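1. Structure for this input, please:
(chains A and B)
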Amino acid sequence: MISFERVGKQYASGRGEWAVRELTLRIDPGELVFVLGASGAGKTTLLKLITLEEWPTEGRVSAAGFRSDTIRRREIPQLRRRCGVVFQDFRLIRDKTIFENVAYCLRMTGTLDSGLITRAVSRVLHDVGLYGKRNSFPHELSGGEQQRAAIGRALIHQPSLLLADEPTGNLDDATGAEVMAVLKRLHLAGTTILIATHDEALAQQHATRMITLRDGKVAEDLFLRPHGTEIY
Amino acid sequence: MKALLFFLQEGWDSLRRNLAASLAAVTAMGAVLFVLLLLLLMSRNVLVLAERLAERKGLTAFLAMDLSPERVAELHHHFASFPEVKSLHFIARGEALREVEADLGAEHLEETLGENPLPDAFLIQPSARASDAASLEKLAREIQAYEGVEDVIYGARWVKVLDQSLGLVRRANAVTAGLTILAILLVLANTLRLLVLMRDDQLAVLKIIGATDAFLRAPFVAAGALLCLTGGLIAVVLLYVGVTASHAFLPGLHFLPTTWVLIFLAGAVIVGVIGSLLTVELSILNLERRGGANRA
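-> Numbering: from 1, shown residues only, chains lettered A, B, ... in the order given. Sure thing, here's the model as predicted:
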C-alpha cells in the first residue's frame, strides 16, 4: 500500500535541514497507523511525501500504485484522489454548502451528472453523519462537524488510503472522539488510515501500529495489535 | 456543454465574489475596447468613402481626331485584352458633346463653336488589383504609347491621397489593435492575479485533493472570457448610442456592420481566453512554488 525506501527530504533545494532522512517503512492495506512525534519531527512531511506535495530528495516513495521516481506529472491528481486527505484546519470552501464542498470534488473529476452527484454525496454525508446538515455552510457547523465534512470530502472518491494530519488537533475531546469514531468505522470497512498526531494517548487508544519519528528518523515502530483484532 | 456551463458558472461566481475588482476590470476593459471600436468605426467610414471614390477611379484615353473606325476598333480590342482593365467604354465625340451640353444646360454647341472640338475617347475602368496609384500610372503610360492615342488622364493626385489614407488607416488599426491586446492582457493579468490570490488557499487544497491544473485554470479562463465579453458589449452599446446621437450633425456616419461587431466580440473573447491561460498559468505556477510540490 505504502512504502518508503531510504527516503530523505531536504528543504530549500539541498541547503536546508533534513525534514526526514533514511526513512524506510512499509504500511500494509488495512492498517490504522498513527505517526507520532514532536513538532518538526517530520510527521507532516511524511504525509506530504505520500501525496507528492513534497518530493523526496533521495530514496523512493510508493503509494496507491504509483512510485515517486516514475510517476508522470499528469498522474499526480490520480494518486491524490486515491489518497483521501484530511487537514487539521478542515480547509472547506467557505462559500459553498457542505453538499457543494463534497460535490465539488466529484465535479473536478469530470462527473457532472447531477443525479449521480446527488447519490454519491448523499451516501458519503450519511456515512459521516452530516446528511441533515448538507445545506449548511462551513461556518454554521461545529469544529467536529466541519472535520467530518472534510472526511466526507476525502471519501468521495472512495480512496483505499486516508491520510489525516492532526485531525483532532483543533477539536475538544468530545468532538475529537466523534471524528475518531468516523475514522474507526472507515478502518473497519477496510480503508488504510495514516494519522499524524502528537497525541500519544489517542494513538495508544486506537492505533494498530504506532510509528514515532524523531529528527526525521523512525525512533520507534510498534505493532500494538494485529489487523482485525481491534476492539471498538 | 455541461462542463462549459459549470466553468462559466464558476468563473461568474469568482467575479461576483470580488465585485469591486471585477467592476474595475470591466470598466477598464470596456474603455480599452471602446477606443479600438472607435477606430474600427473610423475605418469603416473611410472604407465606405473609399469604395465610393474607387467607383470613380478610371482613365480617359482621348483619341486623335479623324481616327478611322478600323483603328478605333483595333484599339478597343487591344485595351480590352489588358488584364488590368476591368471594363472599357467607347464614347464617340458626338456623344461626348451631348454630355457636355447636358452638363452645361446648353444646346447646339457645335453650331455655336463652328465644329465639335471633342475627340473620341475610351473610358477605362481598372480592375481591383490595378486600382492603386502606381498601377494606374503604369497603365496610363502603356495606353498613351499606342498610335492614335492623344492623351490619357486620370485623377493621379487623389488616387495617391486615397491610397495613402487607406494605408494609414490600416497601419493605425494594426497599431491600435496591438496596443489594445497589450492593454487587455495587462488588465486581465492584474484582475486574474487578484482572483487567484483571493482563492489562494482554496486552490492549494483543491490541488492536494486531486484537482488537475486544467480544472484549476478553467474557472479563471472563463472569468477572463466573461470580463472581455462584458467589456466588449459595453463598448459596442456605448458606440451605438454615440453614433445614433451624432446622426443629427453627422448624418452620413455609418455604424459597424453586424459581422464586424460579432468578429470584434469573438476577438475580445479569444484574447480573453488566451490572456487568461497565460496569466493563470503563471499564477498557478507561483502557487505551486509558494506551497505546493517541491521537487528537490
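2. Up against chain B, what does chain A have?
-> Residues of chain A lying near chain B by Cβ under 8 Å from any Cβ of the partner chain: A:9-11, A:13-14, A:51-57, A:74, A:76-81, A:84-85, A:87, A:91, A:93, A:95, A:104-105, A:107-110, A:112, A:153-154, A:157. The C-beta positions use only the backbone N, C-alpha and C, and glycine is treated the same way.
3. Spatially nearest residue to B:Met198, not counting backbone neighbours?
-> Closest residue to B:Met198 apart from its sequence neighbours, by Cβ to Cβ, 6 or more residues apart in numbering or on different chains: B:Asn18 at 5.7 Å.
4. How many neighbouring residues does the one you found have?
-> Here the count is done by other Cβ atoms under 10 Å in any protein chain shown, and B:Asn18 has 19 residues near it.
5. And the pLDDT for it?
-> With respect to pLDDT, B:Asn18 scores 79.
6. give me every residue that touches it.
-> Under the criterion of Cβ atoms under 8 Å, 6 or more residues apart in numbering or on different chains, the contact list for B:Asn18 reads B:Leu194, B:Leu195, B:Met198.
7. Return the members of the residues of chain A next to chain B classed as buried.
-> In terms of neighbour count (16 or more other Cβ atoms under 10 Å in any protein chain shown), the buried residues within the residues of chain A next to chain B are A:9-10, A:51-57, A:76-81, A:84-85, A:87, A:91, A:93, A:104-105, A:107-109, A:153-154, A:157.
8. Select from those every entry located in strands.
-> Secondary-structure check on these using DSSP state E: residues within strands are A:Lys9, A:Gln10, A:Gly84, A:Val85.
9. Phi and psi next, for A:Lys217.
-> Comment: the main-chain dihedrals of A:Lys217 come out as phi -120, psi 160, following degrees, to the nearest 10.
10. Could you check how far the lengthiest helix in chain A is from the centre of its chain?
-> Among all segments of chain A classified by DSSP state H, the helix with the greatest residue count is helix A:173-188. Taking the mean C-alpha point of helix A:173-188 and that of its whole chain, the gap between them comes to 13 Å (Cα atoms, centre = their mean, to the nearest Å).
11. List the buried residues of it.
-> Neighbour counts over helix A:173-188 (16+ other Cβ under 10 Å) mark A:Thr175, A:Gly176, A:Glu178, A:Val179, A:Met180, A:Val182, A:Leu183, A:Lys184, A:Leu186, A:His187 as buried.
12. Name the next helix or strand following it along the chain.
-> Downstream of helix A:173-188, the next assigned helix or strand under DSSP states H and E is strand A:192-197.
13. okay, the angle between that next one and helix A:173-188?
-> 150 degrees (axes from the mean of the first three to the mean of the last three Cα atoms, to 10 degrees).
14. ok, residues contacting the following helix or strand past strand A:192-197?
-> As assigned by DSSP H and E, the chain's next helix or strand after strand A:192-197 is helix A:200-206. Contacting residues not belonging to helix A:200-206 are listed as A:32, A:34, A:36, A:168, A:176, A:180, A:183-184, A:195, A:197, A:210, A:224, A:230 [Cβ under 8 Å, 6+ apart].
15. Mind listing what's buried along the next helix or strand after helix A:200-206?
-> On the C-terminal side of helix A:200-206, the closest following helix or strand by DSSP H and E is strand A:209-214. If you call a residue buried by 16+ other Cβ under 10 Å, then strand A:209-214 has these buried ones: A:Arg209, A:Met210, A:Ile211, A:Thr212, A:Leu213.
16. export stretch B:261-280 as PDB, just CAs?
-> Backbone C-alpha positions of stretch B:261-280 (Å, rounded to 0.1, in the frame of the first residue of the first chain) are rendered in PDB as follows:
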ATOM      1  CA  VAL B 261     -19.400  43.600 -34.300                       C
ATOM      2  CA  LEU B 262     -19.600  39.800 -34.000                       C
ATOM      3  CA  ILE B 263     -16.000  39.400 -35.100                       C
ATOM      4  CA  PHE B 264     -15.000  42.100 -32.600                       C
ATOM      5  CA  LEU B 265     -16.800  40.400 -29.700                       C
ATOM      6  CA  ALA B 266     -15.400  37.000 -30.700                       C
ATOM      7  CA  GLY B 267     -11.900  38.500 -30.900                       C
ATOM      8  CA  ALA B 268     -12.300  40.000 -27.500                       C
ATOM      9  CA  VAL B 269     -13.300  36.600 -26.100                       C
ATOM     10  CA  ILE B 270     -10.400  34.900 -27.800                       C
ATOM     11  CA  VAL B 271      -7.900  37.400 -26.500                       C
ATOM     12  CA  GLY B 272      -9.600  37.000 -23.000                       C
ATOM     13  CA  VAL B 273      -9.200  33.200 -23.200                       C
ATOM     14  CA  ILE B 274      -5.500  33.300 -24.400                       C
ATOM     15  CA  GLY B 275      -4.600  36.100 -21.900                       C
ATOM     16  CA  SER B 276      -6.300  34.200 -19.000                       C
ATOM     17  CA  LEU B 277      -4.500  31.000 -19.900                       C
ATOM     18  CA  LEU B 278      -1.100  32.700 -19.900                       C
ATOM     19  CA  THR B 279      -1.800  34.700 -16.700                       C
ATOM     20  CA  VAL B 280      -3.400  31.900 -14.700                       C
END
